[in-house]
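Student: turn this into a model:
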Amino acid sequence: MPSLFCRLLLVITSFSSLSFGHGHIQTEDSPGGKFRIKTIVVDAGHGGRAAGAMGSYSLEKNVTLALALKLQAAINREMAGIKVVMTRTTDAYVNNGYRAVMANESKGDLYICLHCNSLPDARKKVNGKTVSVRNHSGKGVLLLVYAFHRTREQLAAIRENEMAEQEDRYSSRQKFSVDPADAIVLNAYRDKFRKQSIHLAGLINNEFVNHDSRPSLGVIEQGVQVLANSAMPSVLVETGFINNPEEEDYLNSASGQNEIVNSIVRAIKKYAKEVDQTNQ
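Tutor: Got it, this is the predicted structure:
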């Protein structure tokens, strides 16, 4: 099998143009054909022995899988001709490095990674002793895109990276490290797709805020491992705080899940329409 370097270099050289304007991307799949979104990779965070964040009665891995399956169905229903690639469709463990391999080998045009947020316990002084107190104050959505260098530390990104490291220790699979030649190409891709990732994240965030009236922590660039090696516009969606009882109920309800999925689909459709308009 050719290396990632060879495969991505072949893709790069096949593009006759790649430009950015107003957050839009314009490329050509071939000398005679304009770029179109054909494949969307949907990644349900965690899975198997890697449960992710925990609420009072639910686990992140189960919420993200339910959301991912509904997102797959919604895209298939509302966006004819778009192929959806799932990193998992069952309660299975998938190495975080392998998720990016799956996305790249499927020639994905967008990568949507679904997660739930949480806050660590707070430390308080009670009768002169320091005790842990559950912190249920987190509320709302957060959109993360990959950044080469952290401009500031951010809890969600740190938590995701720590969980990714713990989860990968569970696995006896091959470690999916990227060799230096591949890294050069991936860095070039990440740089070119950075604006696209930010723009898509902004569209999703706007749908959550303006359509669903969800509180939001905004769009933040961070060095999230699961996004690091994906050679396409990529967004990690923190759909809510599972350790907040009110948010946990929302994340586990059919109405809440449908609302989240519908907002993501509306944003993707807007993004796809912009791509089409740019190509005209």
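Student: which residues touch the residue nearest to residue 249 when sequence neighbours are not counted?
Tutor: Computed as C-beta to C-beta, 6 or more residues apart in numbering, the closest residue to residue 249 that is not its neighbour in sequence is residue 256, at 7.6 Å. In this view, the C-beta of every residue, glycine as well, is placed from N, C-alpha and C. Applying C-beta atoms under 8 Å, 6 or more residues apart in numbering, we find residue 256 in contact with 240, 249, 250.
Student: let's see 10 Å
Tutor: 63, 67, 212, 214, 239, 240, 247, 248, 249, 250 (C-beta atoms under 10 Å, 6 or more residues apart in numbering).
Student: check which helix or strand covers the second one.
Tutor: When secondary structure is defined using DSSP states H and E, the element that contains residue 67 is helix 60-78.
Student: could you point out which element follows that helix?
Tutor: Sequence order places strand 83-86 as the next helix or strand after helix 60-78, per DSSP H and E.
Student: buried stuff in the very next helix or strand once past that next one?
Tutor: Counting by DSSP H and E, the next helix or strand C-terminal to strand 83-86 is helix 96-105. Judged by neighbour count using 16 or more other C-beta atoms under 10 Å, the buried positions of helix 96-105 are 96, 97, 98, 99, 100, 101, 102, 103, 104.
Student: assign the residue nearest to residue 249 to helix, strand or coil.
Tutor: The local conformation at residue 256, judged by DSSP: H, G, I helix; E, B strand; the rest coil, is helix.
Student: quick revisit: adding pLDDT and distance to residue 86, write the buried residues of helix 96-105 out as TSV.
Tutor: Putting the buried residues of helix 96-105 into TSV (pLDDT from 0 to 100; distance: C-beta to C-beta, whole Å) gives the following:
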residue	pLDDT	distance to residue 86
96	81	16
97	81	17
98	86	13
99	90	11
100	86	14
101	87	14
102	91	9
103	91	11
104	89	15
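Student: now those as CSV including distance to residue 58?
Tutor: Shown next, in CSV, are these (distance: C-beta to C-beta, whole Å):
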residue, distance to residue 58
96, 22
97, 27
98, 25
99, 22
100, 27
101, 29
102, 26
103, 27
104, 31
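Student: out of the residues you listed, the closest to residue 130 would be?
Tutor: residue 96 (33.7 Å; C-beta to C-beta).
Student: isn't the closest one up against residue 52?
Tutor: No: judged on C-beta atoms under 10 Å, residue 96 makes no contact with residue 52 at a distance of 11.9 Å.
Student: low-confidence ranges in the protein?
Tutor: Residue ranges of the chain with pLDDT under 70: 1-34, 126, 148-191, 280.
Student: show me the strands in the stretch 101-250 of the chain, by range?
Tutor: 110-117, 122-126, 129-133, 141-146, 216-222, 234-241 (DSSP state E, counting those that start in this stretch).
Student: let me have the ones you listed in JSON lines, extended by distance to residue 92 and mean neighbour count.
Tutor: Formatted as JSON lines, the strands of the stretch 101-250 of the chain follow (distance: least, C-beta to C-beta, whole Å; neighbours: other C-beta atoms under 10 Å):
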{"stretch": "strand 110-117", "distance to residue 92": "15", "mean neighbour count": "27"}
{"stretch": "strand 122-126", "distance to residue 92": "34", "mean neighbour count": "10"}
{"stretch": "strand 129-133", "distance to residue 92": "32", "mean neighbour count": "9"}
{"stretch": "strand 141-146", "distance to residue 92": "23", "mean neighbour count": "25"}
{"stretch": "strand 216-222", "distance to residue 92": "26", "mean neighbour count": "19"}
{"stretch": "strand 234-241", "distance to residue 92": "19", "mean neighbour count": "28"}
